[in-house]
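Participant: Got a sequence here, can you model it:
(chains A and B)
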Amino acid sequence: MKLGLVVDLDTCVGCHACATACKQWNTSGTIGPLSDERPYGKDPSGSWLNRIHSYEVGDSPHSKTVNIPMSCMHCETADCVTVCPTGASYKREEDGIVLIDQDKCMGCNLCSWACPYGARELDPDSGTMKKCTLCVDRIYDEQLPESERQPACVLTCPTSSRVFGDFDDPDSEVSKLTRERAGQQLMPELGYNPVNTYLPPRIPKQQDSIVVSPMQGVKQLVNRIINR
Amino acid sequence: MSQSQDLPQFEDHSKQEHRYTTCYMCACRCGIKVTLENEKIRFIQGNQDHPVNKGVLCAKGNSAIMKQLSPAKLTQPLLRKPGTERGAGEFEPITWDAALEMLTARLANIRATDPKKLAYFTGRDQMQALTGLWASQFGTINWAAHGGFCSVNMAAAGLYTMGHSFWEFGDPDWERTKYFMMWGVAEDHASNPIKLGLKRIKERGAKFVAVNPVRTGYQAIADEWIAITPGTDGMLALSMVQVLLREGLVDDEFLIRYTNGPQLVINNPGKQGDGLLLRDAEGNPQVWDQHTNGMQSAFSSDVAPALLGEYEAPCGTPVRTAFSILMEKYMAPEYAPEAASKVCGVDAESIERIALEMAHVAFKETITIDTEWTDWAGRKQSQFIGRPVSMHAMRGISAHSNGFQTCRAIHLLQVVLGTIDCPGGHLAKPPFPKHIVPPIKPAKSNVPNTPLESAPLGFPTQPEDLVIDENGKPMRIDKAYSWDAPIANHGLMHMVISNAVAGDPYPIDTLMLFMANMAWNSSMNTAQTMDMLRAKDENGDYKIPFIVTCDAFHSETVNFSDLVLPDTTFLERYDTISMLDRPISEVDAACDSIRQPILALDRDVRSWQEVMVDLAGRLKFPAFVNDEGQPKFEGYEDFIVNFERAPGIGFLAGWRGKDGEKSLRGEPNPNQWKAYIDNQCFFKFELKPNQRYMRHANRDYMELAKEAGWVGSTDQIVIELYSETLQKFRLAGQGLYDGPQPTEEHHKERLKTYFDPLPFYYPPLEQERTDAKEYPFYAVTQRPMFMYHSWDSQNSWLRQIMSQNYLYMHRSKGEALGIKDFGWVWVESHNGRIRAQVKLMEGVNPETVWTWNAIAKQQGTWGLSDDANESQQGFLMNHLINELLPGEVEAGGHRMTNSDPITGQAAWYDLRVKITPVSDDDKDLTGQKLSWPRFDKVKPLPNFTPATKMSSYSSHPNINISRGWRDIFSRGEK
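Facilitator: Below you'll find the predicted structure:
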């Protein structure tokens, strides 16, 4: 299996629901807690596994705002794993999820420097590295209702802009979406071969107009016999 | 996933419990499923079965744990320390018994002498049916919720035009619409349903057009962005109306059957009765019947009314159809696209094109649903015809002083396209639509120890309904329903403090505030409002003698209170989201819901609902005591179950009847709360397919609505394109009304100018009185999606997303003024100046600057530390806005309220400013990058425990996945 996410940039409105759902689930999850430094002070800063970046593309009047949620891409060539000196960071053989064994991590930061996507964050309290687990503690939990065996970010997304599945299965929704909507890897040129894909914004809808004759003053709106 | 591999058991489900309730992180009212363990919250997720959010949840709902853990939670009732000054922040704890005895004594005295001296105003609560009932039983007319400074223009314009409106009153038909237009900032109402809807329309390839000076939020995914000049949306809408009229692209069948377009209007300029509807002896409006070539009742089914035409009434009075007036008005050159373009900054070609695109969808892409239904006249119809164009608008339209007429203009555009309550169009949500308008008149009485004769808020239809005294002066403290704001359906909360301190129209004794931050971001003119709250008369007594605040958190307003009654959080209380109030209905179902306590209380607080019912018993309100004068209800739960507004109609519509077998109407059910809790805390009554559309004229629906008490009769609801109500007020301004008329010139002018029975565009009042050369920029605000309506942005997760706001301006303008990204500027209006940090951007109308509202906090409040960004760099635009209009003093020496002249809606978005860079040697900057004005630090409350420097929340210790050594060594480098 090759588990990962598809993120639809056509419908992501940048609402941050996925980011806080992730924070909420994972602070009590397998790599939790996700600590917050100065939670009520200056420049509050905690560890998050998923963040939303908003950019303006182009100059006005042709600018466009794009919201890009960023979390671990579960790369196939994961340098963050290779550089780990303790073996804490690894990519699971059975499903491709990249994880960090919290008991083996010594917080050296090498992996976060190796990650071009900024997906790894050092927990300010535990001093260990934290990152997206694809909610490994949800997706395999058979005691959860089947419809809830999804990453928390996918479950909560109000515009269903996040889809979870197996990219090895050509019939999975993530494979189909990636195929049909030309899903892209982020920065593929760096060679990490990220699993997650992003669906580009659709071409804006071109709506037909009613064809009217050249302006000749007011067309006669006449009384018709219409019964109430 | 099916394989569980050799993973550990992460969650001990045997120790977990799931409970359902209703979110209150904003006004959306989503259903949530809460997982609890070890008396802590493990997870809050959207309820997949819930009609509002269908399983999704926003950033706020997902952060509710941090609201619950906020260090700003109030913990006990507090009394301002005797001998200390109000606003000094010196409080001492008081017991609930003592607090309620003290308050009861004070309120009993007011009630026995001059009930209007209690001004009771509530903020963003969702229990106005209870607080309104309470006020009316108390006998004070001085009650309202926050609608006057929020979105009354939308509610009023909708209810006076078509009997429903946007948001709680109606939604686009997301499942079928093919063209969706969103007007102005509207992310807030309602957050998740709009997002769910946008996904649906994008999937289907429907076009999404966003009209907004700022391209953030939903605008980011719009197919087309119209960067309109703020406050000019009415011009854009009416110019599109002209295009449609010019081309004959209107749904005349719809107009004739369902609107008052064909009704005959008296055309007698300068004479009494001009502009009123021609009526027969029974009072029925008349139409010109083309079968008989004569006048007939507009309510007759057997007529073919002329939509256009001028006629003569039997008495010789000249009349013409309302639609003829409408044609004449909107075909005028001022509404031509070329002319409109100069006003609203949208090019004429786009105005033409969008109008014609919508016409294409409405008339060439029509959809039909083959369902038999019965129309208002009892005739069977075989299908519903859908014109799949829909719209949504909210605060961006509402918060201008021309918002009422602008919203009417948008509705007019919807109506001429025939898109109201039809498949793919704009659908009402039960209990709407209502008749135009509901037959409730605002109360005027002030009798000691006596309930009001009607509700404090209602729907005036004529000058006789105003709440004014024999001299024509306002009777309400906020001057709602006076000549200042005749159709102020939600009151003018933003004027209460200012008016009470000025003693205009009279001083009050006690101001009671619930969940409203009037000393900070909910008031215009914040610094001066603080001064008003502290203001004393010549005897050294406070001009507002007593201020009671109920809130769950340490807000800026708590600091200005004499008595603080601490509320619970939403996870700690019972609550109803009631059909009598602001229910959670969907377009195809009547729905209401409850909250239940999820967590046990860990401090000495009480829910305001409980306190209301308790006080009502102590004060012996007739509806709350038995024949012996003893409190009739044991508490809020008991009250909700047993109170009936009319026989069988109570706060909750589900599981009524002795055994819970009845829906909508039925005797009280002692087990009603349990029934709700057993059903995930919501009730959904689905409409049958024949009751889902054209409900204004659908007997199948109206019979149900009457039985449920949503409407008083099954008569057709005739859409009022032409508002006779407005014309009556205009006649009063012209001195042609046979009834109350204003005496002051400026009132006459306002009525003549703004009470046009047809929607029209006029420049917002403050903009008109501000020198555009001196103040070249429009200034508006919005809330970020992850904080909208979340009343306490001290949330430690959400503030990591944003703890400082910036002033956003167009890059080209910033560069021209020598302002760099992250540079500091002075922003100055007629009312004062602020210092703010700038971010430059592309996606904004170049003449407009904007910021995120209510990020800034006063130092010392909300549990934040002294160096928190909110108090150091964050800024409020409020300081630049005055609750009174700038410039000339009107007759009588008063400056007029900065509000919509029709509804009294606070005109937050009419502001104009100038911007100058802060120079490096600016002494005020003192080397630090700080916003200005600065305020004294608010003192901590008794027993306040500051937050720790590190927070690590979890509901159970983590179960780590241990990587085996064999895996490490066998896989090597890769």
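
Participant: Excluding chain neighbours, give the residue nearest to B:L580 in space.
Facilitator: Leaving aside its sequence neighbours, B:L580 sits nearest to B:A129 (Cβ to Cβ, 6 or more residues apart in numbering or on different chains; 4.1 Å). In this view, the C-beta of every residue, glycine as well, is placed from N, C-alpha and C.

Participant: Near chain A, which residues of the stretch 51-200 of chain B are found?
Facilitator: Counting by Cβ under 8 Å from any Cβ of the partner chain, the stretch 51-200 of chain B comes close to chain A at B:53, B:55-63, B:65, B:71, B:179, B:191-192, B:195-196, B:198-199.

Participant: Among those, which lie within helices?
Facilitator: B:65, B:191-192, B:195-196, B:198-199 (DSSP state H).

Participant: List the residues that contact residue 168.
Facilitator: Since you didn't name a chain, this refers to chain A. A:1-2 (Cβ atoms under 8 Å, 6 or more residues apart in numbering or on different chains).

Participant: Chain B is the one I meant
Facilitator: B:189-190, B:429, B:582-583, B:585.

Participant: rewinding a little: before we move on, what SS does the residue nearest to B:L580 have?
Facilitator: helix (DSSP: H, G, I helix; E, B strand; the rest coil).

Participant: For it, give me its contacts.
Facilitator: So B:A129 contacts B:578, B:580-581, B:651 (Cβ under 8 Å, 6+ apart).

Participant: Export the residues you listed to CSV and append columns for pLDDT.
Facilitator: What follows is those, written out as CSV (pLDDT from 0 to 100):
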residue, pLDDT
B:S578, 96
B:L580, 93
B:D581, 90
B:F651, 97
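
Participant: Could I get the full set of helices for chain A?
Facilitator: A:17-27, A:79-82, A:110-114, A:136-139, A:152-156, A:173-180.

Participant: ranking those helices by burial, who's on top?
Facilitator: helix A:17-27 (a mean of 29; mean count of other Cβ atoms under 10 Å in any protein chain shown).

Participant: Now name the helix or strand holding B:N499.
Facilitator: B:N499 is located in helix B:496-502, with elements delineated by DSSP states H and E.

Participant: tally of neighbours for B:L107?
Facilitator: For B:L107, the neighbour count with other Cβ atoms under 10 Å in any protein chain shown is 24.

Participant: sec struct for it, please.
Facilitator: helix.

Participant: The one 3 residues further on too?
Facilitator: Secondary structure state of B:I110, per three-state DSSP, is helix.

Participant: Report pLDDT for it.
Facilitator: On pLDDT, B:I110 comes in at 98.

Participant: for it, what are its contacts?
Facilitator: Contacts of B:I110 (Cβ under 8 Å, 6+ apart): B:117-118, B:140, B:509-510.

Participant: how does it look with 10 Å?
Facilitator: By Cβ atoms under 10 Å, 6 or more residues apart in numbering or on different chains, the contact set of B:I110 is B:116-118, B:138-140, B:448, B:508-510, B:546, B:619.

Participant: Could you check how far B:Q242 is from chain A?
Facilitator: 10 Å (Cβ to the nearest Cβ, to the nearest Å).

Participant: leaving aside the residues next to it on the chain, what's closest to that residue?
Facilitator: Going by Cβ to Cβ, 6+ apart, B:Q242 has B:Y335 as its nearest residue, at 4.5 Å.

Participant: Would you pull up the residue in the stretch 651-800 of chain B closest to chain A?
Facilitator: Proximity of the stretch 651-800 of chain B to chain A (Cβ to the nearest Cβ) peaks at B:S796, 3.6 Å away.

Participant: Helix or strand: which one has B:K444?
Facilitator: With DSSP H and E as criterion, B:K444 is part of no helix or strand.

Participant: still on that earlier bit, mind listing which of the contacts of B:I110 are in strands?
Facilitator: B:118, B:510, B:546 (DSSP state E).

Participant: Just among the residues you listed, which is most surrounded?
Facilitator: B:L118 (25 neighbours).

Participant: which residues does that residue bridge with?
Facilitator: Bridge pairing for B:L118 (DSSP bridges) gives the partners B:T510.

Participant: quick one: which of the contacts of B:A129 is nearest B:D967?
Facilitator: B:S578 (57.8 Å; Cβ to Cβ).

Participant: quick one, strands of the stretch 801-950 of chain B?
Facilitator: Assigned by DSSP state E, counting those that start in this stretch, the strands in the stretch 801-950 of chain B fall at B:807-810, B:824-829, B:832-841, B:848-852, B:912-917, B:950-951.

Participant: Which strands and helices lie in contact with the last one?
Facilitator: Translated: strand B:950-951. strand A:36-37 (3 or more Cβ pairs under 10 Å, 6 or more residues apart in numbering or on different chains; DSSP states H and E).

Participant: thinking again about what came up before, ok, and the closest non-adjacent residue to the residue of the stretch 651-800 of chain B closest to chain A?
Facilitator: Per Cβ to Cβ, 6+ apart, closest to B:S796 is A:P39, 3.6 Å.

Participant: Thought B:L69 was touching that neighbour, still the case?
Facilitator: Yes - with contact defined as Cβ atoms under 10 Å, A:P39 reaches B:L69; the gap is 9.2 Å.

Participant: Could you check which of those two has the larger neighbour count?
Facilitator: A:P39 (29 against 18).

Participant: Next one: the more buried one, what pLDDT does it get?
Facilitator: 98.

Participant: Please apply the same query to A:P204.
Facilitator: So, for A:P204, pLDDT stands at 87.

Participant: same check, this time on the one 5 residues further on
Facilitator: For A:S209, the pLDDT comes out at 94.

Participant: Next: the one 3 residues further on.
Facilitator: Confidence at A:V212, expressed as pLDDT, is 86.

Participant: Please name the residues that touch the residue nearest the centre of chain A.
Facilitator: Centroid-nearest residue in chain A: A:P69, 4.5 Å away (criterion: Cα atoms, centre = their mean). With contact taken as Cβ under 10 Å, 6+ apart, A:P69 is in contact with A:5, A:7, A:9, A:12, A:14, A:16-19, A:22, A:50-53, A:153, A:157, A:161-162, A:196, A:198.

Participant: Of these, which are in range of chain B?
Facilitator: The subset of the contacts of A:P69 within reach of chain B, counting by Cβ under 10 Å from any Cβ of the partner chain, consists of A:9, A:12, A:14, A:16-19, A:22, A:51-52, A:153, A:157, A:161.

Participant: Grab the two from those residues that are most spread out in space.
Facilitator: A:L9 and A:C22, at 18.2 Å, using Cβ to Cβ across those.

Participant: ok, is the helix or strand bottoming out on mean pLDDT in chain B in contact with chain A or not?
Facilitator: Sorting the helices and strands of chain B by mean pLDDT, DSSP states H and E puts helix B:965-971 at the bottom, at a mean of 89. Yes - shown here: helix B:965-971 in contact with chain A (Cβ under 10 Å from any Cβ) through B:965, B:967-969, B:971.
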